[in-house]
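Novice: Mind looking at a prediction? Sequence and model below.
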Amino acid sequence: MRYPKFTRRTQRESDVLHTPGTRYARAKTAAWLVTILEQNVPLESRFFACLRWVAGGLRRPLQAVMHEAEKLRGEPAGVDVAPEAETFRSRPVTARRTRRKAPASPRDRLDAALEALHEASARSHGRLDNELAELYEEHPCLAGIIKDVAARECAAAIKARGKPVGPYGAALKRLERTFGLDEECRTLCEFVFINQNFTAVEHYFEDHLEVHTFGNRSILARMLNMTRARLQSCLAELGRCGLLDSRSSSRLRLEDCLLPFWETSGVNTEELFSRPLSGAALPLEAFHIAPEDAAHVKKLLARAGKTPVHILLYGAPGTGKSAFAHSLAQACGVKAWAVVSRERDGDKDRRASLTACLHVAAGQAPKRSAARPQGRTAGYGVPAAES
């Protein structure tokens, strides 16, 4: 199925760092990082690379760590220095310099940490990701300070977010209007979109934490403020609707049919999946169908109830299935929609189109609605399904 062109990462992320849409994505990522901090997940260089993207750099956080450490150094000599921080030394950092021998007393450890902080701050090259990771790993007395500073940077990004703007606000509305997705499913779609379109987010949450794998989905559930069972339900629902590719254990990816929802070029996303039919239809008597059969179908469709009625019309291409479905809808006095179908559609494309068409039809005609396919597949009636 061909959709409007969408190029992943069409601009360098540094070029769009301060656009409203990117500020919103950074704020959402900041909220997810706060959840990681609350879960006491060991921090490493990819966490700080993601924090760098959220905060717009790591120079300011590094200076804040230095300031807090200097304040702590001025405490009375009898005060111990973050003894609980030793618990965070659970994962090595790659490409690390040779460790210095740990000083004996807490005060000596803090002095050594401050020396390392000044060395890191004096470096003008690099992005400081590895430097902060080394400070966190090699100087446990700084671990609590680094986490507090990271949390403050994330809080500042969240505060500057505001409401969903630009493509993100439009996408959330389009997902609800087109597919009837609830808030939690839309939140999951938003996470997957941000994850697959921003390198720092992908490297940390997907490549390092592997939140998409079955064993780590509890982390993802907490990040999205839902239970693990509800997350599993959302994944299954999006998969059934043909919107999410979760078959691979290595990636979570939105299907191509959803990417135009984040476009700002005025794409009519509803017409990607269905469109209302207009114009005159032939009378039912014009078809070579027994009158009693046509009357029986109309009676089925007129029956009230919560369970939808599915009618499958089958036959060779060109025998009038779609025309009869259009005429049947007119005879029943309801609107009809065409399910957009193309020759190269896969199963997920067809499921997405069918889901969107049925939702739009049900929403605009709550009592009764009719739909028919467009293309070489079978026609169907009110409301209908096709396989």
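Specialist: All right, it came through fine.

Novice: rest of the way, CA atoms for contacts and neighbours
Specialist: Fine.

Novice: domains in the chain, as residue ranges please.
Specialist: 40-159, 163-270, 273-380 (automatic domain parsing).

Novice: for these, which one sits closest to R23?
Specialist: domain 40-159 (7.9 Å; C-alpha to C-alpha).

Novice: Turn the domains of the chain into JSON lines, columns for mean pLDDT.
Specialist: Output for the domains of the chain, formatted as JSON lines (pLDDT from 0 to 100):
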{"stretch": "domain 40-159", "mean pLDDT": "73"}
{"stretch": "domain 163-270", "mean pLDDT": "86"}
{"stretch": "domain 273-380", "mean pLDDT": "72"}
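
Novice: I'd assumed W337 was in contact with S353.
Specialist: No: S353 is not in contact with W337 according to C-alpha atoms under 8 Å; the separation is 11.2 Å.

Novice: Between these two, which contacts overlap?
Specialist: The contact sets of S353 and W337 overlap at S274 (C-alpha atoms under 8 Å, 6 or more residues apart in numbering).

Novice: Of these two, which one has the most company?
Specialist: S353 (28 against 23; other C-alpha atoms under 10 Å).

Novice: In contact with the more buried one, which residues?
Specialist: Contact partners of S353, counting by C-alpha under 8 Å, 6+ apart, are 272-274, 339-341.

Novice: From these, pick the one nearest A236.
Specialist: F273 (20.6 Å).

Novice: Flag every buried residue along stretch 183-196.
Specialist: Residues of stretch 183-196 classed as buried by neighbour count (16 or more other C-alpha atoms under 10 Å): 184-196.

Novice: TSV for those residues, including secondary structure and distance to K306?
Specialist: Below are these laid out as TSV (DSSP: H, G, I helix; E, B strand; the rest coil; distance: C-alpha to C-alpha, whole Å):
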residue	secondary structure	distance to K306
E184	helix	25
C185	helix	24
R186	helix	26
T187	helix	29
L188	helix	29
C189	helix	29
E190	helix	32
F191	helix	34
V192	helix	34
F193	helix	35
I194	helix	38
N195	helix	39
Q196	helix	39
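
Novice: Next, format these as a markdown table and append distance to N130.
Specialist: Formatted as a markdown table, the buried residues of stretch 183-196 follow (distance: C-alpha to C-alpha, whole Å):
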| residue | distance to N130 |
| --- | --- |
| E184 | 35 |
| C185 | 35 |
| R186 | 34 |
| T187 | 31 |
| L188 | 30 |
| C189 | 31 |
| E190 | 29 |
| F191 | 26 |
| V192 | 26 |
| F193 | 27 |
| I194 | 24 |
| N195 | 22 |
| Q196 | 23 |
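
Novice: Those residues: which two are farthest apart?
Specialist: Farthest pair in the buried residues of stretch 183-196 (C-alpha to C-alpha) is E184 and Q196. Separation: 18.5 Å.

Novice: contacting residues around the strand or helix carrying I219?
Specialist: Per DSSP states H and E, I219 falls inside helix 217-223. For helix 217-223, contacts defined as C-alpha under 8 Å, 6+ apart pick out 31-32, 35-36, 211-212, 227-228, 231.

Novice: what about that helix, distance to the chain center?
Specialist: Distance of helix 217-223 from the chain centroid (C-alpha atoms, centre = their mean, to the nearest Å) equals 13 Å.

Novice: Extract the C-alpha trace of it and format it as CSV.
Specialist: Extracted in CSV, the C-alpha atoms of helix 217-223 (Å, rounded to 0.1, in the frame of the first residue of the first chain):
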residue,chain,number,x,y,z
ARG,A,217,7.7,-4.8,29.5
SER,A,218,7.0,-4.1,33.1
ILE,A,219,9.4,-1.2,32.8
LEU,A,220,7.6,0.1,29.7
ALA,A,221,4.3,-0.3,31.5
ARG,A,222,5.4,1.9,34.4
MET,A,223,6.8,4.4,31.9
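
Novice: roughly how far is stretch 347-356 from the heart of the chain?
Specialist: Taking mean C-alpha positions (C-alpha atoms, centre = their mean), stretch 347-356 and its chain are 19 Å apart.

Novice: can you check stretch 292-305 too?
Specialist: Distance, centroid of stretch 292-305 to centroid of chain: 42 Å (C-alpha atoms, centre = their mean).

Novice: buried residues in it?
Specialist: Quick answer for stretch 292-305 (16+ other C-alpha under 10 Å): 298, 301.

Novice: Centre of the chain to the host helix or strand of W337, how far?
Specialist: Assessed by DSSP H and E, W337 sits inside strand 336-339. Here strand 336-339 is found 29 Å from its chain centre; the criterion is C-alpha atoms, centre = their mean.

Novice: partners of it in the sheet?
Specialist: Applying DSSP bridges to the sheet, strand 336-339 is found paired with strand 274-276 (antiparallel), strand 370-373 (parallel).

Novice: Mind picking the one among the contacts of S353 that's closest to L235?
Specialist: Distances from L235 to the contacts of S353, taken by C-alpha to C-alpha, are shortest for F273, at 20.9 Å.

Novice: coming back round to it: which is the succeeding secondary structure element to the strand holding W337?
Specialist: helix 347-364.

Novice: Put the alpha carbons of that next one into PDB.
Specialist: C-alpha atoms of helix 347-364 as PDB (Å, rounded to 0.1, in the frame of the first residue of the first chain):
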ATOM      1  CA  ASP A 347      -3.000  -8.400   5.500                       C
ATOM      2  CA  LYS A 348      -2.200  -5.600   8.000                       C
ATOM      3  CA  ASP A 349      -3.000  -2.900   5.500                       C
ATOM      4  CA  ARG A 350      -6.400  -4.500   4.900                       C
ATOM      5  CA  ARG A 351      -7.100  -4.900   8.600                       C
ATOM      6  CA  ALA A 352      -6.200  -1.300   9.300                       C
ATOM      7  CA  SER A 353      -8.500  -0.100   6.500                       C
ATOM      8  CA  LEU A 354     -11.300  -2.300   7.700                       C
ATOM      9  CA  THR A 355     -11.000  -1.200  11.300                       C
ATOM     10  CA  ALA A 356     -10.900   2.500  10.300                       C
ATOM     11  CA  CYS A 357     -13.900   2.200   8.000                       C
ATOM     12  CA  LEU A 358     -16.100   0.400  10.500                       C
ATOM     13  CA  HIS A 359     -15.200   2.900  13.200                       C
ATOM     14  CA  VAL A 360     -16.000   5.900  11.000                       C
ATOM     15  CA  ALA A 361     -19.200   4.300   9.800                       C
ATOM     16  CA  ALA A 362     -20.300   3.500  13.300                       C
ATOM     17  CA  GLY A 363     -19.500   6.900  14.600                       C
ATOM     18  CA  GLN A 364     -21.200   8.900  11.900                       C
END
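
Novice: Right, I'll call it a day here.
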